[in-house]
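In: Need a 3D model of the following:
(2 chains)
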Amino acid sequence: MTAPQQSAKTTYLLRLGDTALVLSQRMSELCGKGPALEEDMAMANTALDLLGHARLWLSYAAEIEDAGRDEDALAYLRNDREFHNFLLVEQPNGNYADTMVREFFFDAWHTLALSRLMRSADERIAEIAAKSQKEVKYHLRRSGDLIVRMGDGTEQSHMLTQRAVNVLWPFTGEMFASDQVDRDMSSSGEGFDPSLLRDDWLEYIGKVFDVATLETPRPDAWMQTGGKQGLHTEHLGFLLAEMQVVHRAHPGAKW
Amino acid sequence: MVTAPLSNLVTIQPARPTSGVAYVRPTINDLWAWLEEVADPEIPVVSVTDLGIVRKVAWSEDGSDTAVVTVTPTYSGCPATDVIRQEIQRELLNRGVPHVELRVQLSPAWTTNWLTEAARQKLRAYGIAPPTEQASEHHSAMAASLRTLGQEWHTPSLTCPRCESTNTERISQFGSTPCKSLHRCLDCREPFDYFKCH
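Out: Numbering: from 1, shown residues only, chains lettered A, B, ... in the order given. You can find the predicted model right below:
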């Protein structure tokens, strides 16, 4: 592996790991605060799955990077500019419609992305993707169900869900945008071209929104980008501060 | 298949064989039999072998007296995973195995198809409905398209582990542990867990 290949692969794995980690942290914020006991458990379960995925991706990123860092160093000792997660997943929980629309947009992408990665030329990537895929299907089923229940629910829940869709929509484009890292990983057969997922994603979102009586925003709307390259919204810094404070205050502490 | 050694295990001192008694290396069957005694920390009626978590048991390739146990996680974030690894190590060391090495294997991904018949009966007796169906071996191919995902999403008809009624409904697809979902019997009105097909 040449140095540029190593660097592209590390970044690619960090994007997957950071996205899972940041969304897991967001969902964990709601642990014990769910609107119903079943929802609370579902949220915590989903957060736990994502944390498991983050550990698998970050451990592999650390191995490929080969710079003496491990999964913990990557999770707890990097600053916001060094995180490569999607902007979508760092958005605040807001009300429950904001939380679930964010998850639904991501879950649909995640399901498609992992089915591509399961065929990766890199055996380890394929294994992690296959393992995660089985769990992510539960996530998508739940978030899709809730979108229908809230969209096609009361006047209030419909209004809040549509508002969440409109507010979060500009953060979805980044999931399908390619840069040099994507192109390198795609041409080596280890990754995939994200633009290939867009049609399937739009079709699925549209179908669920139809049932949920929600309006799908225009696909050609202006989209925000930057998260994958380390340029984040103001929300990520606060999230990391909370997630990292114990580790930074007590370096090397063991449970 | 990629296996990785584990670095974060606690160090447990092996129980030394009584002095004067020559060490005899246990057979692989002995090791398996001992592992059958290691209970799942969340569902203590079933063992780690019942659940299909232990994929392989062997003596180290380098000829040393190191038992190499290959395990696979059930759900990737399941907090019981670390405890299970420690319990496996503790059990074998307590039986006098000089060294234990644990390896993690992700592929093929764990499935409830690996639950033994004994495990299913024990789960039922414990009040947890065991998985009723075979998990699709082709989940990978199916999930490649979101269009076909709905076909995997029917809720199986379950039998209440208490009164055996089949008149039940799902309350939530997530339960008290990652491997279970929550259901209710509409006849005896009792809620029950389902060890979901995965």
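In: so where do the helices sit in the stretch 101-250 of chain A?
Out: For the stretch 101-250 of chain A, the helices defined by DSSP state H, counting those that start in this stretch cover A:123-151, A:155-168, A:180-187, A:198-211, A:235-249.
In: so what's the residue in the stretch 51-200 of chain A that chain B sits nearest to up against?
Out: Of the residues in the stretch 51-200 of chain A, the one nearest chain B is A:Gly52, at a distance of 3.0 Å by C-beta to the nearest C-beta. Backbone N, C-alpha and C define where each C-beta goes, glycine included. Taking C-beta atoms under 8 Å, 6 or more residues apart in numbering or on different chains, we find A:Gly52 in contact with A:Ser132, A:Glu135, B:Pro73, B:Tyr75, B:Ser76, B:Gly77, B:Cys78.
In: and if you look at A:Arg163?
Out: When contacts are counted by C-beta under 8 Å, 6+ apart, A:Arg163 touches A:Ala97.
In: sorry, back to before: pLDDT, neighbour count and distance to A:Leu214 for the contacts of A:Gly52 - can I get that in CSV?
Out: As requested, the contacts of A:Gly52 are exported to CSV (pLDDT from 0 to 100; neighbours: other C-beta atoms under 10 Å in any protein chain shown; distance: C-beta to C-beta, whole Å):
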residue, pLDDT, neighbour count, distance to A:Leu214
A:Ser132, 95, 28, 28
A:Glu135, 92, 23, 26
B:Pro73, 90, 21, 37
B:Tyr75, 88, 21, 31
B:Ser76, 85, 25, 31
B:Gly77, 85, 25, 30
B:Cys78, 84, 20, 34
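In: now, among these, which is nearest to B:Glu164?
Out: B:Tyr75 (28.5 Å; C-beta to C-beta).
In: How is chain B divided into domains?
Out: Per the record, chain B has its domains at B:3-9+B:24-105, B:114-133+B:157-198, by automatic domain parsing.
In: Save those as CSV, and put in distance to chain A too.
Out: Shown next, in CSV, are the domains of chain B (distance: least, C-beta to the nearest C-beta, whole Å):
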stretch, distance to chain A
domain B:3-9+B:24-105, 3
domain B:114-133+B:157-198, 4
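In: Could I get these in CSV, plus columns for distance to A:Gly94?
Out: Formatted as CSV, the domains of chain B follow (distance: least, C-beta to C-beta, whole Å):
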stretch, distance to A:Gly94
domain B:3-9+B:24-105, 24
domain B:114-133+B:157-198, 22
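In: So for A:His250, which of those domains sits nearest?
Out: Nearest of these to A:His250, taken as C-beta to C-beta: domain B:3-9+B:24-105 at 16.9 Å.
In: what separates that closest one from the chain centre, distance-wise?
Out: Taking C-alpha atoms, centre = their mean, to the nearest Å, one finds the center of domain B:3-9+B:24-105 at 11 Å from the center of the full chain.
In: Now for the residue nearest to A:Asn79 when sequence neighbours are not counted, how many residues are close by?
Out: Spatially, and ignoring its direct neighbours in sequence, A:Asn79 is nearest to A:Leu240 (7.3 Å; C-beta to C-beta, 6 or more residues apart in numbering or on different chains). Using other C-beta atoms under 10 Å in any protein chain shown, A:Leu240 has 23 other residues around it.
In: Which other helices and strands does the lengthiest helix in chain B contact?
Out: Longest helix in chain B, counting residues (DSSP state H): helix B:80-94. Packing contacts for helix B:80-94, counted by 3 or more C-beta pairs under 8 Å, 6 or more residues apart in numbering or on different chains; DSSP states H and E, involve helix B:28-35, strand B:66-71, strand B:99-105.
In: by how many degrees do it and strand B:99-105 diverge?
Out: Helix B:80-94 runs at 150 degrees relative to strand B:99-105, counting by axes from the mean of the first three to the mean of the last three C-alpha atoms, to 10 degrees.
In: model confidence over helix B:80-94, on average?
Out: Here helix B:80-94 scores 93 as its mean pLDDT.
In: buried residues in that helix?
Out: B:80-82, B:84-93 (16 or more other C-beta atoms under 10 Å in any protein chain shown).
In: before we move on, what about stretch A:226-239?
Out: A:Gly227, A:Lys228, A:Gly230, A:His232, A:Thr233, A:Leu236, A:Leu239.
In: ok, the last one to chain B distance?
Out: What that stands for is A:Leu239. Note on A:Leu239: its distance to chain B, by C-beta to the nearest C-beta, to the nearest Å, is 19 Å.
In: quick revisit: and which of the buried residues of stretch A:226-239 is nearest to B:Pro41?
Out: For those, the closest approach to B:Pro41 (C-beta to C-beta) belongs to A:Leu239, at 30.9 Å.
In: Now do the contacts for that closest one.
Out: Residues near A:Leu239 by C-beta under 8 Å, 6+ apart: A:Val22, A:Gln25, A:Arg26, A:Glu90.
In: Among those residues, which ones are in helices?
Out: Filtering the contacts of A:Leu239 for helices - DSSP H - leaves A:Val22, A:Gln25, A:Arg26, A:Glu90.
In: For the last one, list the residues it contacts.
Out: In this case it means A:Glu90. Per C-beta under 8 Å, 6+ apart, neighbours of A:Glu90: A:Val22, A:Arg26, A:Gly227, A:His232, A:Thr233, A:His235, A:Leu236, A:Leu239.
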